[in-house]
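Visitor: Predicted structure and sequence below. I'll ask about it afterward.
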Amino acid sequence: MSVQVVSGDSEFVLDISGWTAVATLRRKIIVPYTSVENVQAGNFKLPWTAVRRTGIAALGYKAGHFVMDGEQYFLSYHDADKVVILDLKGHEFDKMVLESADPEQLANTISKRSSTHSMK
């Protein structure tokens, strides 16, 4: 996969590689756990009204910066049924949709770490 989630103590990092890095004009996105308002595993449907800023939207693969209903999204997925959806506050993106081999586990990991950091 072109985007990997690397968990740290106070943040997680999206390491972006390959053509996704070229198309999105990014190699890393840092997300502090304190920015995470909500996280859930599920599915996602890209509305036809979405505006692509940078990235790819072809043949089932979606990656990059999109604007939907006035909100900034970062997307990275092939399989829209195996994603983690994050609601963020105080970050350049309002939402992130990331594919994972085990979306439930990734959502639980981010949720636990976000809860721990919001209590401090």
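Guide: Yes, it's here.

Visitor: okay, CA-based contacts and neighbour counts for the rest of this
Guide: Noted.

Visitor: secondary structure class for K112?
Guide: Following DSSP: H, G, I helix; E, B strand; the rest coil, we place K112 in the helix state.

Visitor: For Q72, the count of nearby residues, please.
Guide: 18 (other C-alpha atoms under 10 Å).

Visitor: Can you tell me the element it falls in?
Guide: Following DSSP states H and E, one finds Q72 within strand 71-77.

Visitor: Show me the strands in this protein, by range?
Guide: 3-7, 11-16, 28-32, 36-42, 51-58, 61-68, 71-77, 83-88, 95-99 (DSSP state E).

Visitor: residues contacting the nearest residue to D81 once chain neighbours are set aside?
Guide: Computed as C-alpha to C-alpha, 6 or more residues apart in numbering, the closest residue to D81 that is not its neighbour in sequence is N43, at 4.2 Å. The contact partners of N43, by C-alpha atoms under 8 Å, 6 or more residues apart in numbering, come to A80, D81, K82, V83, V84.

Visitor: Give me the distance between the fourth one and R53.
Guide: V83 sits 21 Å away from R53, taking C-alpha to C-alpha, to the nearest Å as the criterion.

Visitor: Who has more neighbours out of these two?
Guide: Legend: neighbour count by other C-alpha under 10 Å for V83 and R53, higher for V83 (27 against 14).

Visitor: isn't the more buried one right next to P103, touching?
Guide: Yes - V83 is in contact with P103 according to C-alpha atoms under 8 Å; the separation is 5.7 Å.

Visitor: Overlap in contacts, these two.
Guide: A41, G42.

Visitor: hang on, the earlier thing: show me which residues of the strand holding Q72 are buried.
Guide: Q72, Y73, F74, L75, S76, Y77 (16 or more other C-alpha atoms under 10 Å).

Visitor: ok, the residue nearest in space to the middle of the chain - contacts?
Guide: With distances taken as C-alpha atoms, centre = their mean, the residue of the chain nearest its centroid is M96 (3.1 Å). Going by C-alpha under 8 Å, 6+ apart, M96 touches Y73, F74, L75, V84, I85, L86, D87, L88.

Visitor: Good, wrapping up.
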